[in-house]
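Peer 1: Dropping a prediction and its sequence here:
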Amino acid sequence: MSGIFICIEGLDGSGKSTQAKLLTKRLCKEGYNAVFTAEPSKGKIGLFIRKRLFEKERLPTAVEALLFAADRIEHVQQVIVPALQEGKIVISDRYVYSSLAYQGSAGLSLDWIETINDTAKNPDLSIFIDVAPETVLERLKRKKSVMENLQTQRRVHEIYLKYVEKGLLKRVDGSKDKNAVLEALYSEVVLFLKKVEPKKVD
């Protein structure tokens, strides 16, 4: 595969979705062949997750993890791999680290979550947009899901930071204004791209 796979992680309300889309547009503007995607995906399982999973109360955590892993298999096979085979830079809003952080925060074994996701393609670069749990909950003006409470978000945040400490996630400060966050995010990506030299669009 000649493409590059980048995932953007963060708490709900961290701005990660907005930043992932802005990053894709910025890369395209600079001449890179970049595409945006997201999890849950737009496949059958992903749509079920979006519509049903967090309506009133959480399903058993293992069921959540299995649903996300199944959606991820479909996402990788139908969206990510084909784009990479075309030489594109794929920017994904959430990926395996979201499962580790969110289902792991509910007490599920991180090792088991990694096992059920062992067929998922490893990202070339993973970035965590870091915003304090207290701040993200203040930002969320819509009705909050069953996962969007301070206790859960603090545990999720702690797990993300553990992967930052291990060097598996690059950290970007998400507490600054939107443009400043984008510049920091773009700088991290360009620094990586210079090392691997992906092709620009003619």
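Peer 2: Nice, thanks for sending it over.
Peer 1: so where's the longest helix in the chain?
Peer 2: In the chain, with assignment by DSSP state H, the single longest helix is helix 178-196.
Peer 1: Mind telling me which residue is nearest the centre of this protein?
Peer 2: In the chain, the centroid-proximal residue (Cα atoms, centre = their mean) is residue 94; its distance is 1.8 Å.
Peer 1: how much space between the nearest residue to that one once chain neighbours are set aside and residue 140?
Peer 2: Leaving out its chain neighbours, the residue that sits closest to residue 94 by Cβ to Cβ, 6 or more residues apart in numbering is residue 39, at 4.3 Å. From N, CA and C alone the C-beta is placed, and that goes for glycine too. Counting by Cβ to Cβ, to the nearest Å, the gap from residue 39 to residue 140 is 19 Å.
Peer 1: can you check residue 74 too?
Peer 2: 28 Å.
Peer 1: Checking my notes, residue 126 in a strand, right?
Peer 2: Yes. Residue 126: assigned to a strand according to DSSP: H, G, I helix; E, B strand; the rest coil.
Peer 1: follow-up on the earlier one: quick one: which of residue 39 and residue 140 has more around it?
Peer 2: Higher neighbour count among residue 39 and residue 140: residue 39, with 22 against 14, using other Cβ atoms under 10 Å.
Peer 1: and the more buried one, what pLDDT?
Peer 2: Listed pLDDT for residue 39 reads 97.
Peer 1: Which residues are in contact with it?
Peer 2: By Cβ atoms under 8 Å, 6 or more residues apart in numbering, the residues touching residue 39 are 46, 68, 71-72, 75, 92-95, 98.
Peer 1: ranges for the strands of the chain?
Peer 2: 4-9, 34-38, 89-93, 125-130, 170-173 (DSSP state E).
Peer 1: Identify all contacting residues around stretch 155-170.
Peer 2: Under the contact criterion Cβ under 8 Å, 6+ apart, stretch 155-170 has outside partners 9-11, 97, 100-102, 104-105, 110, 125-128, 130, 132-133, 147, 171, 188.
Peer 1: pLDDT weak spots in the protein?
Peer 2: Counting by pLDDT under 70, the ranges of the chain that qualify are 1, 54-56, 141-148, 197-202.
Peer 1: what about the helices in it?
Peer 2: 16-29, 44-52, 61-75, 81-85, 96-105, 110-116, 133-139, 150-165, 178-196.
Peer 1: Which secondary structure elements does the first one sit against?
Peer 2: Think helix 16-29. Packing contacts for helix 16-29, counted by 3 or more Cβ pairs under 8 Å, 6 or more residues apart in numbering; DSSP states H and E, involve strand 4-9, strand 34-38, strand 89-93, helix 178-196.
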